[in-house]
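1. okay, predicted coordinates and the sequence, questions at the end:
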Protein chains: 2
Amino acid sequence: MSMICDMATSRPGADGSTGLHARLVETLGMAICGGELPPGRVLFIDELVSRHAVSRSVVREALRVLASMGLVASRRRVGTQVLDASLWNVYDPLVIRWRLATGGRIAQLRSITELRTAVEPQAARLAAARVRPIDASELVTLAGRLWAAGQDGRMDDFLALDIEFHHRVLTASGNEMFEHLHQPIAEVLSGRHAYGLMPSHPHVDALQMHADVASSIQRGDGERAHDAMVAIMNRTMDETRHLWDMQSQSTTPA
Amino acid sequence: MSMICDMATSRPGADGSTGLHARLVETLGMAICGGELPPGRVLFIDELVSRHAVSRSVVREALRVLASMGLVASRRRVGTQVLDASLWNVYDPLVIRWRLATGGRIAQLRSITELRTAVEPQAARLAAARVRPIDASELVTLAGRLWAAGQDGRMDDFLALDIEFHHRVLTASGNEMFEHLHQPIAEVLSGRHAYGLMPSHPHVDALQMHADVASSIQRGDGERAHDAMVAIMNRTMDETRHLWDMQSQSTTPA
DNA sequence: ATAGAGTGTTAAGTCAGACTTATGCAAGGC
DNA sequence: GCCTTGCATAAGTCTGACTTAACACTCTAT
């Protein structure tokens, strides 16, 4: 991997770096997404300097980054105000991560899962038309290993393979916006696993659907790949829908 | 609109603000997205201070924001390096805007248009299940006005109504990630209009499809709303596909 | 000749003080 | 009660100093 790509991990919080900037962005971001700093709350630079024992420039730089994510907005004479959740950039990888780690988890999980139902079938269709033969072959191989891991109940392997499978489909779609969704999708899949939301043994039907997606993509059958992925997404929705049905839907009209 | 929402416009460049920070973010962001600062190029803080006649803290804050968008990465002793386009956050509203305004226009246009073919049909389906009656009624009204503007050839009105129509469908879907796509979609629709990529008179079939979406949503017929929106998106793809077919597809596998 | 260790230089990161500027809010006048 | 004005407040910007991470080069041992 070239150095140009290596350097991307220097994003605040992205690599667990311990720089003051990255830590403050993480601390404030989590506090905002978790509701500890609720919308409307006004923050002052000098107060944050004292509370977090860092210099003014560390605070200012952190607030600039949070503002670009839509979490806060600064105004002269007023201070820096925490914004309503509806203004947050829900596609920012860190916002997604913070919400999945805090009280916004269910809302974020539902948002991404619904987005997946739209995106992944279409990605499968495009992949069937654009995939390189070598990548299609690897996808079929991946589906085979997924099957074996599922049958054996090796859930850690299954999770890793499942993430890789969906990543490969998104990449093969040839659409950069689809491809960039792989990281939040990976986090959602990891989260489902961590929260015990996946069956202890994937149903053989689910395993077959993944195989269908792979072989349809390999054969260039976009419609069939699309439909097989729709089936996977419908099953995923059925398995996770109860999570948000159990609580008031903040984004569902009253 | 409450002050909490008002303050969101303080994002750098979002409101044409003339602060030094916002201007530098815009200048560097456009230069990077436009290829004037190509991937691999190393920037030094002191050089940027001289070239742009601003202080070090203005430069540092701007680079922090650009780094959070994935456009650059700073490393001690090395400098700040422009990253490969594959690492940019393609969902960041400013990155989208800069690419639409520079050489990345066609790639971004294609990405968003393909994303729309995935998202908007699903949004229409969800909207049918979730829309409030008052909003459904307004959507039908909007479709009627769209029809009239299209028939009369009032293209400015047609554009504004078209943007509003798609925005309302995305909002009615009840999914925040769908809703947040309305801004880049609006920019794409505006861009198509500005580049003369829309027919001077929308075909009556296209007008009918919008009416179908609206009435299906009002009747709660998700499948029909979905299919009508698929028809709109297919037509949109047919009208714009030649733009990227004319040039080497950077995201299509070789 | 090559690999590893050590060191120095380089650039970012952090700190602190000073000054500027936008603007919100309160007071006073009409 | 409303409008204007002035002041205080907080962010924005500038500058100098210092710290620190780490890259690159040199030297030594094998």
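-> Received the coordinates, thanks.

2. got phi/psi on residue A:29?
-> Here is the backbone geometry of residue A:29 (degrees, to the nearest 10): phi -60, psi -50.

3. now residue A:211, nearest residue through space, not along the chain?
-> Closest residue in space to residue A:211, ignoring its immediate chain neighbours: residue A:143 at 4.6 Å, by C-beta to C-beta, 6 or more residues apart in numbering or on different chains. C-beta here means a position set from N, CA and C on the backbone, and glycine is covered the same way.

4. okay, and that neighbour sits in which element?
-> Counting by DSSP states H and E, the secondary-structure element that holds residue A:143 is helix A:133-152.

5. find the nearest non-adjacent residue to the spatially most central residue of chain A, please.
-> For chain A, the residue whose C-alpha lies nearest the mean C-alpha position (C-alpha atoms, centre = their mean) is residue A:184; its distance is 1.2 Å. Leaving aside its sequence neighbours, residue A:184 sits nearest to residue A:96 (C-beta to C-beta, 6+ apart; 4.7 Å).

6. my read: residue A:174 touches residue A:126, true?
-> Yes - with contact defined as C-beta atoms under 8 Å, residue A:174 reaches residue A:126; the gap is 6.1 Å.

7. so which residues of the stretch 1-150 of chain A form strands?
-> Listed in chain order, the strands of the stretch 1-150 of chain A (DSSP state E, counting those that start in this stretch) span residues A:42-43, A:72-75, A:79-82.

8. sheet partners, orientation included, of the second one?
-> I take that to be strand A:72-75. Applying DSSP bridges to the sheet, strand A:72-75 is found paired with strand A:79-82 (antiparallel).

9. circling back to that earlier point, more neighbours: residue A:174 and residue A:126, which one.
-> When residue A:174 is set against residue A:126 and neighbours are counted by other C-beta atoms under 10 Å in any protein chain shown, the residue ahead is residue A:126, at 25 against 22.

10. give me the phi and psi for the residue lying closest to the more buried one once chain neighbours are set aside.
-> Distances taken as C-beta to C-beta, 6+ apart place residue A:173 nearest to residue A:126, at 4.2 Å, with adjacent residues excluded. Note on residue A:173: backbone dihedrals following degrees, to the nearest 10 are phi -60, psi -20.

11. from what I see, residue A:173 and residue A:130 are in contact.
-> Yes - here residue A:173 reaches residue A:130: they are 7.0 Å apart, a contact under C-beta under 8 Å.

12. which one's more surrounded, the two?
-> Per other C-beta under 10 Å, whichever of residue A:173 and residue A:130 has more neighbours is residue A:173, with 27 against 19.

13. so what's that one up against?
-> For residue A:173, the contacting residues are A:122, A:123, A:124, A:126, A:127, A:130, A:179, taking C-beta atoms under 8 Å, 6 or more residues apart in numbering or on different chains as the criterion.

14. quick check: residue A:155 touching residue A:200?
-> Yes - Residue A:155 is in contact with residue A:200 according to C-beta under 8 Å; the separation is 7.0 Å.

15. more neighbours: which of these two?
-> With other C-beta under 10 Å as the criterion, residue A:155 and residue A:200 differ in neighbour count, and residue A:155 comes out ahead with 17 against 7.

16. burial count for the nearest residue to residue A:127 once chain neighbours are set aside?
-> The shortest distance from residue A:127 to any residue other than its chain neighbours is 3.8 Å, reached at residue A:172 (C-beta to C-beta, 6+ apart). Counted with other C-beta under 10 Å, residues neighbouring residue A:172 total 25.

17. coming back round to it: how far does the helix holding residue A:143 sit from its chain's centre?
-> Counting by C-alpha atoms, centre = their mean, to the nearest Å, helix A:133-152 is centred 23 Å from the centre of its parent chain.

18. what helices or strands is the helix or strand just after it leaning on?
-> Using DSSP H and E, the next helix or strand after helix A:133-152 towards the C-terminus is helix A:155-172. For helix A:155-172, the helices and strands in contact under the criterion 3 or more C-beta pairs under 8 Å, 6 or more residues apart in numbering or on different chains; DSSP states H and E are helix A:105-130, helix A:133-152, helix A:176-179, helix A:182-194, helix A:204-218.

19. residue B:205: which of those helices is closest?
-> Each of the helices and strands packed on helix A:155-172 was scored for nearness to residue B:205 using C-beta to C-beta, and the closest is helix A:105-130 (22.7 Å).

20. sorry, back to before: could I get the contacts of residue A:173 in a markdown table, plus columns for pLDDT and distance to residue B:194?
-> Compiled in a markdown table, those are given as follows (pLDDT from 0 to 100; distance: C-beta to C-beta, whole Å):
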| residue | pLDDT | distance to residue B:194 |
| --- | --- | --- |
| A:122 | 98 | 27 |
| A:123 | 98 | 29 |
| A:124 | 98 | 34 |
| A:126 | 98 | 27 |
| A:127 | 98 | 32 |
| A:130 | 97 | 29 |
| A:179 | 97 | 28 |
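
21. and which of these is nearest DNA strand D?
-> Checking the contacts of residue A:173 against DNA strand D with C-beta to the nearest atom of the strand, the nearest one is residue A:179 at 27.5 Å.

22. low pLDDT regions in the stretch 1-150 of chain A?
-> Low-confidence regions of the stretch 1-150 of chain A, defined here as pLDDT under 70, cover residues A:1-17.

23. enumerate the residues of it near DNA strand D.
-> Applying C-beta under 7 Å from any atom of the strand, we find that the stretch 1-150 of chain A lies next to DNA strand D at A:43-46, A:56-57, A:60, A:63, A:74-80.

24. distance of residue A:166 from DNA strand C?
-> Going from residue A:166 to DNA strand C by C-beta to the nearest atom of the strand, to the nearest Å gives 33 Å.

25. got a list of what the residue nearest to that residue when sequence neighbours are not counted touches?
-> Sequence neighbours aside, residue A:185 is the residue nearest to residue A:166 in space, at 5.9 Å (criterion: C-beta to C-beta, 6+ apart). Residue A:185 makes contacts with A:112, A:116, A:163, A:166, A:167, A:170, as judged by C-beta under 8 Å, 6+ apart.

26. drop anything exposed from these.
-> A:112, A:116, A:163, A:166, A:167, A:170 (16 or more other C-beta atoms under 10 Å in any protein chain shown).
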